[in-house]
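S.K.: Give me a 3D structure for the following:
(chains A and B)
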Amino acid sequence: MRLREKKKHVHGIPTGSMGDVAFLILLFFLVSTVFTKDKGLKMLLPEKTADEKEVIVVPKNIVTLTINPAGEVKVKTIGYDEYLTIQEYDRIRVIIEERLLERDTLLVVSLRASKEAPYGSMVHVLDQIKLAKVMTADDRELRANKISLIPTSEE
Amino acid sequence: MMRKSIIRRATKAHEIPTASTADIAFLLILFFMVTTVFRPTILRILYQLPDAESTQRILMRRNVSYIWVDKDSKIYIDDHVVNVDMIAGKVGPKIWENPDLITMLNIDQGIAYGVVDGILDQLKDAKAFRITFATEFRR
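M.R.: Sure thing, here's the model as predicted:
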């Protein structure tokens, strides 16, 4: 009687709920994922030289933008000498585009922000400089790539 | 003849195969595991970034280090409040390790430019020449 064969049990890990587990983990990652959102205006700072040698640029190649503590911008270059209020910042782009067409890659934009000027104004002016772009007759895209940031304490 | 063929086309259960559901799910998991970046920013810093039309995305996230300046001109690096003079000392070693590092400046828009200039000066000392002024897209 006792000699009857024992029933064979198959020992296996149940895989039926594998999909459910996988979806649970999936949900966790779906919910916790934050996609990269770093964004901004790229700049390349100049190297500091030991003797702080001044680079001499011919005046006709320079556009000087001076930001006063109130956020107003004084634009000074050949043919222009005007004050722009915060609402008139769009003019900067137009002026730089005009100068770019004339001076090509030689153009240097000197951004002189007062130490008391709000950082926001400085970024808005920088934005206008970066937006300026023109196409030359020989199909090159010109941008104002030479930007120098100089703080001023005057005004 | 006709009848026979009709009978032969007998019932067949039409079901969507579910055997590979788990595989698909695991594939999706892998995708999200690889792309997930856990939120690294400190939320207690109060700052309002300026907006700019020419804002660009920074794609090389592994190559970025951050500096925050809040509304009260306090400067934060790696969860610590630091003085302006300490920035070069903090950023210098990072540049030594990875010369291509981009320094991301998250600065409140109301801060006086003098503070920003102090930071830029320190970054030049630390040879961190590649910087980005963090901005929001302007609509």
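S.K.: what's around the residue nearest to residue B:89 when sequence neighbours are not counted, how many residues?
M.R.: Excluding the flanking residues, the one nearest residue B:89 by Cβ to Cβ, 6 or more residues apart in numbering or on different chains is residue B:126, at 7.9 Å. For the C-beta atoms, the positions are set from N, CA and C on the backbone; glycine is no exception. Neighbour count of residue B:126, defined by other Cβ atoms under 10 Å in any protein chain shown: 20.
S.K.: Same check on the one 10 residues further on?
M.R.: The tally of other residues near residue B:136 (other Cβ under 10 Å) stands at 15.
S.K.: which residues does it contact?
M.R.: Counting by Cβ atoms under 8 Å, 6 or more residues apart in numbering or on different chains, residue B:136 touches A:39, B:49-52, B:55.
S.K.: By neighbour count, which of the residues you listed wins?
M.R.: Ranking the contacts of residue B:136 using other Cβ under 10 Å puts residue B:50 first, with 26 neighbours.
S.K.: all strands of chain A, in order?
M.R.: For chain A, applying DSSP state E gives strands covering A:39-44, A:62-67, A:73-77, A:80-84, A:108-114, A:133-135, A:141-143, A:146-152.
S.K.: Same question for chain B.
M.R.: Along chain B, the stretches classed as strands by DSSP E are B:51-52, B:56-57, B:64-69, B:75-77, B:80-82, B:102-107, B:130-134, B:136-137.
S.K.: Can you redo the ones you listed as a markdown table, where the extra columns are mean pLDDT and distance to residue A:88?
M.R.: Converted to a markdown table, the strands of chain B look like this (pLDDT from 0 to 100; distance: least, Cβ to Cβ, whole Å):
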| stretch | mean pLDDT | distance to residue A:88 |
| --- | --- | --- |
| strand B:51-52 | 90 | 17 |
| strand B:56-57 | 86 | 25 |
| strand B:64-69 | 90 | 28 |
| strand B:75-77 | 90 | 32 |
| strand B:80-82 | 87 | 38 |
| strand B:102-107 | 91 | 24 |
| strand B:130-134 | 91 | 22 |
| strand B:136-137 | 87 | 22 |
